[in-house]
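K.L.:
heads up, no residue letters with this:
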Ligand code: ITT
């Protein structure tokens, strides 16, 4: 069974559209390292969750990037939603004349088996540490292979509209409709997560 590692049921709902009955949520709060690189955050999370669960794991790290705010809140989106919230994030964006933004999602897969992992520099530190530590190293230094799948969607920040979705969906508009005004199917067809999931589903089916 593939475990979709997140504390956010909204993500699982969207992932089910792609991965069907074959997944189960693992409500596990892995350590989110501080990094500008979402791939690195997700890769480390996937290894930690795999060690915790002992089953194949897929970690989903996502964020909202506002262009005129130099990509803020980006990798810190969760913290920003928890602290200032969605309305005040919109208030910040609304002061800018350029309201363009994007959502990004990185999925990180780990099943403890060898495969051609995503290339450096994503997990280069771990790999160097593992090589230096040798086969008897303690497991924290050991680099399990992780495969990364990324997706991105461009849009515009708008005043909150819509009741669906989760997180920043009400303030993110794509082609005239906010993500919160879309069904899960409609959002998946164009979203950052949908794009990453489509890539993962294709690779996983062949595996
Ligand atoms: P996990 O880390 O447990 O998966 P989380 O909700 O904190 O749960 P992220 O760190 O990936 O997940 O999310 C960063 C923030 O971005 C968080 O506030 C989410 O609500 C928000 N977010 C992620 N994907 C989103 C999406 O598709 N639509 C709207 N907001 C999203």
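P.N.:
Done, it's in. These numbers were taken from a predicted model, which means no experiment stands behind them.
K.L.:
assign residue 185 to helix, strand or coil.
P.N.:
helix (DSSP: H, G, I helix; E, B strand; the rest coil).
K.L.:
how about it, nearest residue that isn't a chain neighbour?
P.N.:
The shortest distance from residue 185 to any non-neighbouring residue, by CB to CB, 6 or more residues apart in numbering, is to residue 17 (6.5 Å). Yep, even glycine has a C-beta here, placed from its N, CA and C like the rest.
K.L.:
against residue 96, how distant is that neighbour?
P.N.:
For residue 17, the distance to residue 96 equals 33 Å [CB to CB, to the nearest Å].
K.L.:
give me the mean pLDDT for stretch 24-39.
P.N.:
Taken as a whole, stretch 24-39 has an average pLDDT of 91.
K.L.:
which residues touch that stretch?
P.N.:
In this structure, residues lying in contact with stretch 24-39 by CB atoms under 8 Å, 6 or more residues apart in numbering are 1-7, 9, 12, 40-41, 44-45, 48-49, 52-53, 57, 59, 61-63, 74-75, 78, 104, 106, 108, 118, 122, 148, 150.
K.L.:
narrow those residues to those in strands?
P.N.:
Among the contacts of stretch 24-39, the members found in strands (DSSP state E) are 2-5, 57, 59, 61-63, 104, 106, 108, 148, 150.
K.L.:
closest to the ligand out of those?
P.N.:
The shortest approach to the ligand among those belongs to residue 62, at 3.5 Å (CB to the nearest ligand atom).
K.L.:
name the helices or strands packed onto the helix or strand harbouring residue 205?
P.N.:
Secondary structure from DSSP states H and E places residue 205 in helix 192-206. In terms of contacts (3 or more CB pairs under 8 Å, 6 or more residues apart in numbering; DSSP states H and E), helix 192-206 is packed against helix 9-19, strand 57-66, strand 100-110, strand 147-157, helix 184-190.
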